[in-house]
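> Let me see the structure of the following:
(2 chains)
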Protein chains: 2
Amino acid sequence: MKPSIPKGTRDFSPEEMRKRNFIFDTLKSVFQLYGYQQIDTPAMENLTTLTGKYGEEGDQLIFKILNSRIHESKDKDTLQKEFILSLEGSRNSEVLTEKALRYDLTVPFARYVVQNRNDITFPFKRYQVQPVWRADRPQKGRYREFYQCDVDVVGSDSLLNEVELIQIIDEGFKQLGVRSVIKINNRKILSGIAEYIGEENRIVEFITALDKLEKIGWEKVKDELVAKGVSNSAIKEFGNIVGVINFDNEGKIKFLKSILLDSERGKKGIEELEIIFNYLKSIDIHASIEFDLTLARGLNYYTGAIFEVKALDVEIGSICGGGRYDNLTGIFGLPDVSGVGISFGADRIYDVLNQLNAFPTDTSQSTQILFINFGEKEELYCLPLVQKLRTKSIKAELFPGSAKMNKQMGYANAREIPYVALIGEEEMKQELISLKNMLTGEQIKVTFNELMEKLQTSNPIHLPHHY
Amino acid sequence: MKPSIPKGTRDFSPEEMRKRNFIFDTLKSVFQLYGYQQIDTPAMENLTTLTGKYGEEGDQLIFKILNSRIHESKDKDTLQKEFILSLEGSRNSEVLTEKALRYDLTVPFARYVVQNRNDITFPFKRYQVQPVWRADRPQKGRYREFYQCDVDVVGSDSLLNEVELIQIIDEGFKQLGVRSVIKINNRKILSGIAEYIGEENRIVEFITALDKLEKIGWEKVKDELVAKGVSNSAIKEFGNIVGVINFDNEGKIKFLKSILLDSERGKKGIEELEIIFNYLKSIDIHASIEFDLTLARGLNYYTGAIFEVKALDVEIGSICGGGRYDNLTGIFGLPDVSGVGISFGADRIYDVLNQLNAFPTDTSQSTQILFINFGEKEELYCLPLVQKLRTKSIKAELFPGSAKMNKQMGYANAREIPYVALIGEEEMKQELISLKNMLTGEQIKVTFNELMEKLQTSNPIHLPHHY
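Sure, this is the predicted structure:
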């Protein structure tokens, strides 16, 4: 029997954990710099909390947990009937399952806010870094368990929040060493465009068409719209604005202002965008900001700004995204709490950094020195020395047991430990330590104090590669 | 509909997270100091990996995950039959469920080691900090989701590992500010005692009896043993050794040496204990170490040393425990890999620190200054100032939107932000900042550079209370 793990899930080795922790720690410290506070919610939520929140397709992907001791809870006939009902999909049998694994961090956050509304000071700025589970068909880069890093503020409709999130994105990727472009759009502008075209209920089709324009050209886009049953007059109106996607930010705004004169929502969207751009002028932003009309993620969900971040140097999907939602907590009975948030995709960021070879070479978590174990007498001699190094925050190990020299040296090599201390009979007599530099092979004799000094100065915290 | 979470699970508020992170961060840094490396395993394991590893009672407490799309996988009749079979407990229906949530970190670790044996350098020193799930009946202090912090080394039978774990326990609780006693026993000594009494298969009864001795007295213990069918001669032999539990460590060892002359296992156990005590003499240990014969946790599991840690100043169960196991990976087909490990109980440690009021007052994660928002012009003036503070690693916020003054001050109070900056028309003209100390109420005018200096020096990382 060869042990294995469920498909779509992963183990993380020490090296992978060091890299992942670099991402998590960097982002967390940025979130804290902006005054966001961490919360955790349980892996399990009540099934009723989750169902109906992710659309029909999403609901299918929720991992449900079998109730414990179901056989104790009712007679077998009743259970069987419940089982058949749940198979037929006519309802979720609470006898079979009433709990499920969280599908994202947003719905649990909304649930948290409503449940704890009396203890929370608004605006509530929170971040959350936890795994989520989805019963998706596993494939390259898509997992059934993956981490999300969410940053949200609820209880404030100020556009300063949007600006702050852009700053967090910019600072986060700067510190991670990922060059990026931040794309921004506004749901209200999309509504305005749909009004202008005269097809308010078909925004999705037009956005998809805009998105395909560069790839397949206007003629083919037109064909597709016709095939979808869009009227000729609507296609003609749409044709008037497709050119705008190649304009720069100011050009787009200017053009849209000219055509959205009659749409209150559209005008409001442009105004919001202009205010955000105006705020951004007063501060330093490293990434480029692009007003992208084709950006439409989670259209039914967002009500204002929409964000998406792309890495410049690696071909990969979006590495961060989010937006403004005006009624997230409404689903749990607390209306009129506006919020805006973003989610960093830890797995994709990991892939980007790996491809760019941009992880710091040392994340200061690794052992700095290994004491070779020559036997009983030497162990007792080394133990207090190793302990003394640790009181100076020097990460040190004494090899457990006097294994063969090449095994111990092999351990140091495999663990990439930069220094090895050899203390045998002679060294004990001399009160010296033979210190071997594992990178250069150089070996010198030093006193313990010299060793301690050397290790304290050779412990730089390597910073990531900045651009 | 008032939203809620499944019983036995918990949300963690920002304040609780700060406290929990203090525990996790402290322990992780100690683990790293001793050369342990972090791994993560998935929340879900294959059901076959978990079942049969925790005894019959444990198996009942495993949370199983309902297969997704079960209704697609077979015809309804087959499913129904499978369901009935699984209800009857005759077998786990893989149609219904083939995955489960991990029950502890030990079995997944064993699975990980066997699965990755070719990539691992032994001895493998790993730590793991993740939640586990158990379908226990929820009660005070017992949860269905809780975190374990496990430290193990596998692939080395050196007793130096036991010593190192004792050091880690000692250093960990010292840094957390928890005075503790480390209890130690050895499974081989318990076997020796059972041999001496002549009841090798009844160790558990005798250990339980020893444990009760102080509470109910020798006469009642004797009655219970009789009731359990223990022979009179065995009870007499047992009577010879009950006095030993009041001896000091050396006295216990001396006495046991005298009676376990004929038990090879017993003698080996005493030898191991003596070697460990001898190592410990060469280093500083703050906690007291107590050889406790009544310590028997997970008897069927451990093969050598057994550890348990009690807090001295709070009445609570063990806050850390573990031991040596000689064949953990054997269950997955990799025999002869000896290991030893301990597990810190994060929830109990949290309760201890809370009761002792020993959490650091500031864990350096909180916002240091809030800029009051007086309106559009002031926002644009403040934004670059706040950004500049953040480049100096000063955690700063600008209130989003020009809400009423008492709302903004209330926010600063609720968030326990120590400084508030007020910049209105006058301050902008003077290029000064009115700085209010929220603790003293004192308000002064400073330049931006003075403010920056003040905040950088007023950012001490408060250390926990040490004993």
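> Could I get the buried residue list for stretch A:391-407?
Buried residues in stretch A:391-407, counting neighbours by 16 or more other C-beta atoms under 10 Å in any protein chain shown, are found at A:394, A:395, A:396, A:397, A:398, A:399, A:400, A:401, A:402, A:403. Where you see a C-beta, it was placed from the backbone N, CA and C, and this is true even at glycine.
> Secondary structure element for the fourth one, which one?
Under the criterion of DSSP states H and E, residue A:397 resides in strand A:396-398.
> about what we covered before: near chain B, from the buried residues of stretch A:391-407?
Among the buried residues of stretch A:391-407, the ones lying near chain B by C-beta under 8 Å from any C-beta of the partner chain are A:395, A:396, A:397, A:398, A:400, A:401.
> which one of those residues sits closest to residue B:309?
If you rank these by distance to residue B:309 using C-beta to C-beta, residue A:400 comes first, at 21.4 Å.
> What backbone torsions are found at that closest one?
phi -80, psi 110 (degrees, to the nearest 10).
> follow-up on the earlier one: check the average confidence over the strand holding residue A:397, would you?
For strand A:396-398, mean pLDDT is 96.
> what does the helix or strand that comes right after it contact?
Sequence-wise, the next helix or strand downstream of strand A:396-398 (DSSP H and E) is helix A:405-414. Contacts of helix A:405-414 with the rest of the structure, by C-beta atoms under 8 Å, 6 or more residues apart in numbering or on different chains, involve A:370, A:372, A:373, A:399, A:417, A:420, A:438, B:121, B:123.
> hmm, which of these are the buried ones?
Here, 16+ other C-beta under 10 Å leaves A:370, A:372, A:373, A:399, A:417, A:420, A:438, B:123 buried among these.
> show me the contacts for the first one.
Residues in contact with residue A:370 (C-beta under 8 Å, 6+ apart) are A:396-399, A:408, A:411-412, A:415, A:417, A:419-421, B:35.
> The same query, at a cut-off of 10 Å, please.
A:386, A:396-399, A:408-409, A:411-413, A:415, A:417-422, A:436, A:438, B:35 (C-beta atoms under 10 Å, 6 or more residues apart in numbering or on different chains).
> now residue A:36
A:28, A:30, A:124-128, A:150-153, A:164-165, A:168, B:14, B:365, B:367, B:395, B:397.
> That one and residue A:129: what is the separation?
Separation of residue A:36 from residue A:129 (C-beta to C-beta, to the nearest Å): 11 Å.
> from the contacts of helix A:405-414, which ones fall inside strands?
Applying DSSP state E to the contacts of helix A:405-414, the entries found in strands are A:370, A:420.
> just curious, which of the contacts of helix A:405-414 is nearest to residue A:56?
Nearest to residue A:56, judged by C-beta to C-beta, of those is residue B:121 at 48.7 Å.
> just checking, that closest one touches residue B:155?
Yes - counting by C-beta atoms under 10 Å, residue B:121 sits close enough to residue B:155 to count as a contact (8.7 Å).
> Export stretch A:156-172 to CSV, keeping only CA atoms.
Taking Å, rounded to 0.1, in the frame of the first residue of the first chain, the C-alpha atoms of stretch A:156-172 are listed here in CSV:
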residue,chain,number,x,y,z
SER,A,156,-17.4,52.8,4.7
ASP,A,157,-18.3,54.0,1.2
SER,A,158,-15.4,56.5,0.9
LEU,A,159,-13.3,56.0,-2.2
LEU,A,160,-10.3,56.4,-0.1
ASN,A,161,-10.7,52.7,0.6
GLU,A,162,-10.3,51.9,-3.0
VAL,A,163,-7.2,54.1,-3.1
GLU,A,164,-5.8,52.3,0.0
LEU,A,165,-6.3,48.9,-1.6
ILE,A,166,-4.5,50.0,-4.7
GLN,A,167,-1.7,51.2,-2.4
ILE,A,168,-1.7,47.8,-0.7
ILE,A,169,-1.5,46.0,-4.0
ASP,A,170,1.3,48.2,-5.1
GLU,A,171,3.3,47.9,-1.9
GLY,A,172,2.6,44.2,-1.6
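> Buried residues in stretch A:273-289, which are they?
Result for stretch A:273-289 [16+ other C-beta under 10 Å]: buried residues A:273, A:275, A:276, A:277, A:279, A:280, A:283, A:285, A:287, A:289.
> joint contacts of residue A:36 and residue A:129?
Residues touching both residue A:36 and residue A:129 (C-beta under 10 Å, 6+ apart): A:28, A:150, A:151.
> Next, count neighbours for the first one.
In other words, residue A:28. A count of nearby residues for residue A:28, using other C-beta atoms under 10 Å in any protein chain shown, gives 19.
> show me the contacts for it.
A:21, A:36, A:38, A:127, A:129, A:149, A:172, B:21, B:365.
> Next, the fifth one: secondary structure please.
For residue A:129, the secondary structure call by DSSP: H, G, I helix; E, B strand; the rest coil comes out as strand.
> Run through the bridge partners of it.
Note on residue A:129: beta-bridge partners residue A:149, judged by DSSP bridges.
> do the same with the third one
Per DSSP bridges, the residues bridged to residue A:38 are residue A:127.
> got a pLDDT number for it?
pLDDT at residue A:38 comes out at 97.
> and what of residue A:67?
85.
> The one helix or strand residue A:48 maps to - contacts with which helices or strands?
Assessed by DSSP H and E, residue A:48 sits inside helix A:47-50. Secondary-structure packing of helix A:47-50 (3 or more C-beta pairs under 10 Å, 6 or more residues apart in numbering or on different chains; DSSP states H and E): strand A:64-66, strand A:97-101, helix A:106-115.
> For the stretch 251-400 of chain A, which segments count as strands?
A:288-291, A:305-311, A:320-325, A:339-345, A:369-371, A:396-398 (DSSP state E, counting those that start in this stretch).
> Columns distance to residue A:95 on top of these, output as CSV?
Shown next, in CSV, are the strands of the stretch 251-400 of chain A (distance: least, C-beta to C-beta, whole Å):
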stretch, distance to residue A:95
strand A:288-291, 52
strand A:305-311, 42
strand A:320-325, 35
strand A:339-345, 35
strand A:369-371, 57
strand A:396-398, 53
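> burial measure for residue A:357, as a count.
Neighbours around residue A:357, by other C-beta under 10 Å: 8.
> Give the residue spans of the stretch 351-467 of chain A that score low on pLDDT.
Along the stretch 351-467 of chain A, segments meeting pLDDT under 70 span A:362-365, A:458-467.
> same thing but at 90, please
For the stretch 351-467 of chain A, the stretches with pLDDT under 90 are A:360-366, A:456-467.
> what's the answer for the stretch 151-300 of chain A, then?
Checking the stretch 151-300 of chain A against pLDDT under 90 turns up A:197-218, A:221-222, A:224-246, A:294-300.
> Alongside chain B, which residues does it contribute?
Within the stretch 151-300 of chain A, the positions lying close to chain B (C-beta under 10 Å from any C-beta of the partner chain) are A:153, A:155-164, A:167, A:171, A:275, A:278-285.
> In a strand, residue A:2, correct?
No - assigned with three-state DSSP, residue A:2 falls outside any strand and is coil.
> wait, what's in contact with it?
Here residue A:2 is in contact with B:114, B:115, B:332, B:333 (criterion: C-beta under 10 Å, 6+ apart).
> and the gap between it and residue B:114?
For residue A:2, the distance to residue B:114 - C-beta to C-beta - is 8 Å.
> Common neighbours of the two, please.
Shared contacts of residue A:2 and residue B:114 (C-beta under 10 Å, 6+ apart): B:332, B:333.
> before we move on, the earlier item: counting contacts, what elements does the strand holding residue A:397 pack onto?
Using 3+ C-beta pairs under 10 Å, 6+ apart, strand A:396-398 sits against strand A:369-371, helix A:376-391, strand A:419-422, helix B:160-176.
> Wondering if the third one reaches chain B at all.
Same thing as strand A:419-422. No - using C-beta under 10 Å from any C-beta, strand A:419-422 stays clear of chain B, coming no nearer than 12.8 Å.
> In its sheet, which strands sit next to that strand, and in what direction?
Strand A:419-422 is paired, per DSSP bridges, with strand A:369-371 (parallel), strand A:433-437 (antiparallel).
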